[in-house]
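Q: Below are the sequence and a predicted model for it; my questions follow.
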Amino acid sequence: GITAHSNLGDMGQYYCIHDWILKNYPEHKLIEVKADTVVNEKYEFIELLKKEYKTCDIILFQSGYTTQDLGGVHDLMHRIVINALPDAHILMMPQTIFFQHEENKLRSARIYNKAHKMLFLARDKVSYEMAKEMMPDVNVRLFPDIVTSLIGKYKFNNSRRGISLCRRNDGEKYYSEEELFSLVEKFKQTTVVTISDTTAKVSFKELRSNPQKYIEKQIEYFSRFEVVVTDRYHGTIFALAAGTPVVIIKTNDHKVVTGADWFKGIYDEYIYIANDLDDAFQIVLSIRKKHLDYRLQPVFVAKYYDKLKAIFESEKNEF
């Protein structure tokens with residue numbers, strides 16, 4: 001289920017997962033497959049997978065907002081693969097779970113729960129509780145998004161000025177363009193404001209050919225600002241990787257707000273959740289008065305991703 005679009009957040013996951021695999025399983029042959037290839041019957045991918053899969057192999061699903069019924073084919077991909085190989089060793093990288101329709105949730109639960117050798121990582125507490133309910137026979141763990149492993153990796157000495165509003169423009173958006181424009185106008189009375197998004201203006205093939213270049217370019221961009229205001233989950237993470245304080249504004253689901261729970265008690269001077277846009281404005285004013293060093297410690301790679309292989313291998317050895 002590798003990234004096949006130009007969203008830098010999903011491409012950041014691809015980049016970090018790819019790097020994690022190469023570091024932890026250098027002796028394995030890595031085969032990367034798009035979700036569309038898996039689900040399209042004309043490619044006969046499932047027949048090939050069933051024929052070639054061996055018990056020493058690992059099936060790894062890319063993380064993201066992909067255990068859901070909001071669109072796309074990733075949940076279908078998960079179900080097709082699990083149905084075909086319920087005894088396979090599967091690592092499901094951190095997922096956000098959300099179903100609009102109970103029948104879709106039950107359908108996915110019934111099939112996912114067959115994967116008794118799967119380690120399912122949930123990337124927020126809401127998804128974790130839902131995963132435990134859906135998959136009582138599967139090992140479920142609460143685990144942060146792998147892009148958090150980039151926080152603390154970079155050091156910048158850029159001169160910082162102004163605010164970056166990194167906002168989404170899709171079905172997850174909560175505030176209207178008019179409301180966000182009004183916020184920008186208020187900010188402009190105090191400092192310079194730049195509007196951006198984490199969707200790149202190059203093709204996903206170009207992005208995937210050199211993801212490090214584009215991910216680090218986005219992080220360096222955020223390092224030029226005093227504050228980032230965002231409703232993007234990976235906008236939050238990229239800003240923290242840049243050492244830049246973040247004010248999170250609401251979306252239509254729990255992903256961004258509950259995802260921020262990971263940073264409480266760790267980066268308290270750098271992460272804030274706004275109740276509304278007026279609150280966001282006031283928080284930004286207060287942040288700009290602080291004297292910060294813009295240096296964050298690499299907590300997540302050490303606490304989680306340096307240990308993930310051992311956790312997964314211990315699960316495998318139990319079977």
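A: Looks like it came in fine.
Q: Where does Thr96 sit: helix, strand or coil?
A: strand (DSSP: H, G, I helix; E, B strand; the rest coil).
Q: Wait, it touches Arg123, no?
A: Yes: assessed by CB atoms under 8 Å, Thr96 is found in contact with Arg123 at 5.9 Å. Backbone N, C-alpha and C define where each C-beta goes, glycine included.
Q: Spit out the residues that contact these two alike.
A: Residues touching both Thr96 and Arg123 (CB atoms under 8 Å, 6 or more residues apart in numbering): Gly259.
Q: Would you quantify the distance from Met118 to Tyr112?
A: Separation of Met118 from Tyr112 (CB to CB, to the nearest Å) stands at 8 Å.
Q: any shared contact partners between the two?
A: Residues touching both Met118 and Tyr112 (CB under 8 Å, 6+ apart) are 82, 138.
Q: what's near enough to touch the residue nearest to Tyr174 when sequence neighbours are not counted?
A: Once flanking residues are discounted, Tyr174 sits nearest to Lys250: 4.4 Å by CB to CB, 6 or more residues apart in numbering. By CB under 8 Å, 6+ apart, the contact set of Lys250 is 174-175, 231, 256-257, 274, 276.
Q: Export these to TSV and append columns for pLDDT, secondary structure and distance to Asp75.
A: Listed next are the contacts of Lys250 as TSV, based on pLDDT from 0 to 100; DSSP: H, G, I helix; E, B strand; the rest coil; distance: CB to CB, whole Å:
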residue	pLDDT	secondary structure	distance to Asp75
Tyr174	84	coil	23
Tyr175	80	coil	27
Asp231	89	coil	23
Val256	78	helix	20
Val257	79	helix	22
Ala274	94	coil	31
Asp276	93	coil	32
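Q: Dump those to a markdown table, plus distance to Val184 and neighbour count.
A: Shown next, in a markdown table, are the contacts of Lys250 (distance: CB to CB, whole Å; neighbours: other CB atoms under 10 Å):
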| residue | distance to Val184 | neighbour count |
| --- | --- | --- |
| Tyr174 | 16 | 15 |
| Tyr175 | 11 | 19 |
| Asp231 | 14 | 25 |
| Val256 | 19 | 25 |
| Val257 | 22 | 18 |
| Ala274 | 15 | 19 |
| Asp276 | 15 | 12 |
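Q: ok, residues contacting the helix or strand of the chain with the lowest mean pLDDT?
A: Using mean pLDDT, DSSP states H and E, helix 255-259 stands out as the lowest-scoring helix or strand of the chain, at a mean of 78. By CB under 8 Å, 6+ apart, the surrounding residues in contact with helix 255-259 are 65, 96, 98, 123-127, 145, 172, 230-233, 236, 248, 250-251, 273.
Q: Go again with 6 Å.
A: Outside helix 255-259, the residues within contact range by CB atoms under 6 Å, 6 or more residues apart in numbering are 96, 124-126, 233, 248, 273.
Q: what do you get for stretch 52-60?
A: Stretch 52-60 is contacted by residues 85, 88-91 when judged by CB under 6 Å, 6+ apart.
Q: so which of those is the most crowded?
A: Ranked by the number of neighbours (other CB atoms under 10 Å), the contacts of stretch 52-60 place Ile90 first, at 23 neighbours.
Q: and it, what is it in contact with?
A: Neighbouring residues of Ile90 by CB under 6 Å, 6+ apart: 59, 115, 118.
Q: can you tell me the helix or strand for it?
A: Assigned by DSSP states H and E, Ile90 belongs to strand 89-98.
Q: and if you look at Phe181?
A: Per DSSP H and E, Phe181 falls inside helix 177-188.
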